[in-house]
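**Student:** just the structure for this:
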Amino acid sequence: MAGVSQEIYAVAFRNVTGRDLEHAPDLAGRTDYELVATTLALHGIEALPVLFDAFFTALAQGTQERIEDIRLNGRALAGAHAAIEAFAALEGSVQTVATGNVAAVARTKLAVFGLGIHLDLEIGGYGSDCPDRATLIRTARQRAETKHGAGIPDKKVVVVGDTPNDIAGARANGVVAVGVATGRFGLADLRAAGADLVLPSLEEHDPLVELLR
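**Tutor:** Next comes the predicted model:
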């Protein structure tokens with residue numbers, strides 16, 4: 001789905017700035033906030049707040065317009081549905097996302113692959129909130145605490161991700177970090193980043209269920 005995302009990004013840049021995208025940043029593992037700031041800088045454009053808002057709106061619209069392309073070119077990771085169902089069955093569990101995508105884009109992608117049914121997306125941390133993943137995690141936790149009217153102990157906050165950046169974000173917040181080797185980083189990479197638990201895939205999520213239990 002990376003190709004579709006790059007195309008959506010290029011169209012959004014043209015719609016917002018009136019210029020063609022000449023210097024494309026690497027999209028992998030970065031927040032939309034960070035990507036917009038980097039792209040504007042690469043093109044010598046002042047990063048005004050109004051441009052960020054316009055860019056986020058254009059990304060959301062572009063994603064909505066390319067739903068069928070996303071469906072054809074993307075997929076839910078093996079075991080993702082079963083893992084979410086297993087976590088939802090745990091008493092008192094709350095699931096959400098801390099994602100580099102802006103909220104509207106995340107909602108669209110999750111809906112396309114049927115992954116949003118057990119996720120409380122109102123309390124998520126999104127790429128339109130801030131540039132770095134550690135703050136996204138902190139934002140999601142604060143929103144959850146506000147909604148549920150109680151503090152959540154560090155040991156009861158579990159971040160699941162497939163990159164060292166995800167693990168670093170969890171460690172920076174003092175919460176439990178779980179690495180899943182479904183991306184370009186292997187088990188050793190995620191262990192080296194400081195993950196408390198490492199899994200080869202979401203198909204083998206039983207150890208994580210036990211940790212949560």
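
**Student:** mind listing the strands in the chain by residue range?
**Tutor:** Using DSSP state E, the strands of the chain run over 158-161, 176-180, 197-199.

**Student:** the longest one pairs with which strands?
**Tutor:** Think strand 176-180. Its sheet considered, strand 176-180 pairs with strand 158-161 (parallel), strand 197-199 (parallel) by DSSP bridges.

**Student:** most tightly packed of those strands?
**Tutor:** Comparing these by mean neighbour count (mean count of other Cβ atoms under 10 Å), strand 158-161 ranks first with a mean of 22. Using the backbone N, CA and C atoms, a C-beta is placed for each residue, glycine as well.

**Student:** what lies in contact with that one?
**Tutor:** Residues outside strand 158-161 that contact it (Cβ atoms under 8 Å, 6 or more residues apart in numbering): 98, 137, 166-167, 169-170, 173, 175-180, 208, 211-212.

**Student:** if any of those residues are buried, give me the ChimeraX selection for them.
**Tutor:** Those of the contacts of strand 158-161 that count as buried under 16 or more other Cβ atoms under 10 Å are selected in ChimeraX with:
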select :98,137,166,167,169,170,173,175,176,177,178,179,180,208,212
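
**Student:** what's the pLDDT at the residue nearest the centre of the chain?
**Tutor:** The residue lying closest to the centre of the chain (Cα atoms, centre = their mean) is T99, at 1.8 Å. Looking at T99, its pLDDT is 93.

**Student:** pretty sure it contacts L121?
**Tutor:** No. Between T99 and L121 there is no contact under Cβ atoms under 8 Å: 9.8 Å.

**Student:** find residues that contact each of the two.
**Tutor:** Joint contacts of T99 and L121 (Cβ under 8 Å, 6+ apart) are A106.

**Student:** and the gap between the residue nearest to the centre of the chain and G174?
**Tutor:** Plainly put, T99 is 21 Å away from G174 if you go by Cβ to Cβ, to the nearest Å.

**Student:** cool, and A37?
**Tutor:** 27 Å.

**Student:** same question for H148.
**Tutor:** When H148 is compared with G174 (using Cβ to Cβ), they lie 19 Å apart.

**Student:** cool, A60 as well?
**Tutor:** A60 is 32 Å from G174, by Cβ to Cβ.

**Student:** for A88, same thing?
**Tutor:** 25 Å.

**Student:** who's more crowded, those two?
**Tutor:** A88 (13 against 10; other Cβ atoms under 10 Å).

**Student:** check whether that one really touches T96, as I assumed.
**Tutor:** No. Contact between A88 and T96 fails when scored by Cβ under 8 Å: they sit 12.0 Å apart.

**Student:** how many neighbouring residues does A76 have?
**Tutor:** 15.

**Student:** who's in contact with it?
**Tutor:** With the criterion set at Cβ under 8 Å, 6+ apart, A76 makes contact with 113-115.

**Student:** pLDDT value on the nearest residue to E85 once chain neighbours are set aside, please?
**Tutor:** Using Cβ to Cβ, 6 or more residues apart in numbering and skipping the chain neighbours, the partner closest in space to E85 is H118 (7.0 Å). Note on H118: pLDDT of 94.

**Student:** just the CA atoms of stretch 80-96, as PDB, please.
**Tutor:** Provided in PDB are the C-alpha atoms of stretch 80-96 (Å, rounded to 0.1, in the frame of the first residue of the first chain):
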ATOM      1  CA  ALA A  80      -4.700  -9.000  13.600                       C
ATOM      2  CA  HIS A  81      -8.400  -9.700  13.800                       C
ATOM      3  CA  ALA A  82      -8.000 -12.600  16.100                       C
ATOM      4  CA  ALA A  83      -5.600 -10.700  18.400                       C
ATOM      5  CA  ILE A  84      -8.000  -7.700  18.700                       C
ATOM      6  CA  GLU A  85     -10.800 -10.100  19.500                       C
ATOM      7  CA  ALA A  86      -8.700 -11.900  22.100                       C
ATOM      8  CA  PHE A  87      -7.700  -8.600  23.800                       C
ATOM      9  CA  ALA A  88     -11.300  -7.400  23.700                       C
ATOM     10  CA  ALA A  89     -12.400 -10.500  25.600                       C
ATOM     11  CA  LEU A  90     -10.200  -9.500  28.600                       C
ATOM     12  CA  GLU A  91     -12.200  -7.900  31.300                       C
ATOM     13  CA  GLY A  92     -11.600  -4.200  31.700                       C
ATOM     14  CA  SER A  93      -9.400  -3.900  28.600                       C
ATOM     15  CA  VAL A  94      -9.500  -0.800  26.400                       C
ATOM     16  CA  GLN A  95      -7.900  -0.800  23.000                       C
ATOM     17  CA  THR A  96      -7.000   2.200  20.800                       C
END
